[in-house]
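Novice: Structure for this input, please:
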Amino acid sequence: MPKMKTHRGAAKRFKATGKGRLKHKQPYTSHILTSKTAKRKRQLRQAAYLSTAETKSLRVLLPYL
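Specialist: Predicted coordinates:
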């Protein structure tokens, strides 16, 4: 049986926490920042967590996390 391969694009975007939840950087932070309020930009700096439904589908891409 060959080894399972990790999806490298997903591995670069998601990190596992100690309890196994998947953490990722918030989207919408790269351009057109002048139209976003300071509060919104400040809140987008925080990491976000995937829901349990999304985590189940991503576990297929990230078998060793």
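Novice: in the host helix or strand of residue 59, what's buried?
Specialist: Per DSSP states H and E, residue 59 falls inside helix 52-61. Neighbour counts over helix 52-61 (16 or more other C-beta atoms under 10 Å) mark 55, 58 as buried. Quick note: C-beta positions are derived from backbone N, CA and C, even for glycine.
Novice: From the contact counts, what lies against it?
Specialist: Judged by 3 or more C-beta pairs under 8 Å, 6 or more residues apart in numbering; DSSP states H and E, the packing partners of helix 52-61 are strand 22-24.
Novice: Next SSE downstream of the strand it packs on?
Specialist: Note on strand 22-24: by DSSP H and E, the next helix or strand toward the C-terminus is helix 38-44.
Novice: Can you pull out the residues in contact with that following helix?
Specialist: For helix 38-44, contacts defined as C-beta atoms under 8 Å, 6 or more residues apart in numbering pick out 26, 28-29, 33, 36.
Novice: List just the nearest of the residues you listed to residue 52.
Specialist: residue 26 (19.0 Å; C-beta to C-beta).
Novice: Who are the contact partners of that closest one?
Specialist: 44-48 are the contacts of residue 26 under C-beta under 8 Å, 6+ apart.
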